[in-house]
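# Provided below for reference: sequence and predicted model.
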Amino acid sequence: RELRTISNQLLPEEYAVIEKAARTPFTRDGSPDEAGKRLQREFGIPKALAPEVLKAVHLPENPGEMTVWGVVNGITSVAKGMAYAEGKTQLASVAGELLANAK
């Protein structure tokens with residue numbers, strides 16, 4: 001629903017990537033434990049930060065689903081709240097990598 005409201009601001013290719021990410025489960029079983037492990041193992045999210053990212057997936061401004069798009073939004077939400085630019089940049093990079101892998 002939200003994607004449709006901004007679709008006129010996106011290139012068709014961007015829309016397709018986001019739409020696919022919104023339909024792609026982040027983990028096979030959707031469990032937060034497995035999602036946290038994947039964030040650490042594949043994307044280098046620190047163990048202490050992974051639960052915060054997963055909690056942010058369910059913030060009112062985010063999709064609330066354990067999809068690739070939901071996790072990307074969770075990561076960017078956590079990055080916005082970080083005090084230092086370096087941490088924000090690193091997390092934003094992970095979100096971009098995750099979204100790029102959804103193609």
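Cool, got the structure. Quick caveat, the model's predicted, so the values are computed rather than measured.

# Spit out the contact partners of the residue most central in space within the chain.
The structure's the chain has its C-alpha centroid closest to V72; by CA atoms, centre = their mean the separation is 1.1 Å. Listed by CB atoms under 8 Å, 6 or more residues apart in numbering, the contact partners of V72 are A21, A95, L98, L99. No exception for glycine: its C-beta is placed from N, CA and C like everyone else's.

# show me what contacts L10?
By CB under 8 Å, 6+ apart, the contact set of L10 is I18.

# ok so, going back, for the helix or strand harbouring the residue nearest to the centre of the chain, which positions count as buried?
With elements taken from DSSP states H and E, the one containing V72 is helix 68-80. When burial is assessed from 16 or more other CB atoms under 10 Å, helix 68-80 yields the following buried residues: V68, W69, G70, V71, V72, N73, G74, I75, T76, S77, V78, A79.

# Check the offset of that helix from the chain's centre.
Here the centre of mass of C-alpha atoms in helix 68-80, compared against the chain's by CA atoms, centre = their mean, to the nearest Å, lies 4 Å away.
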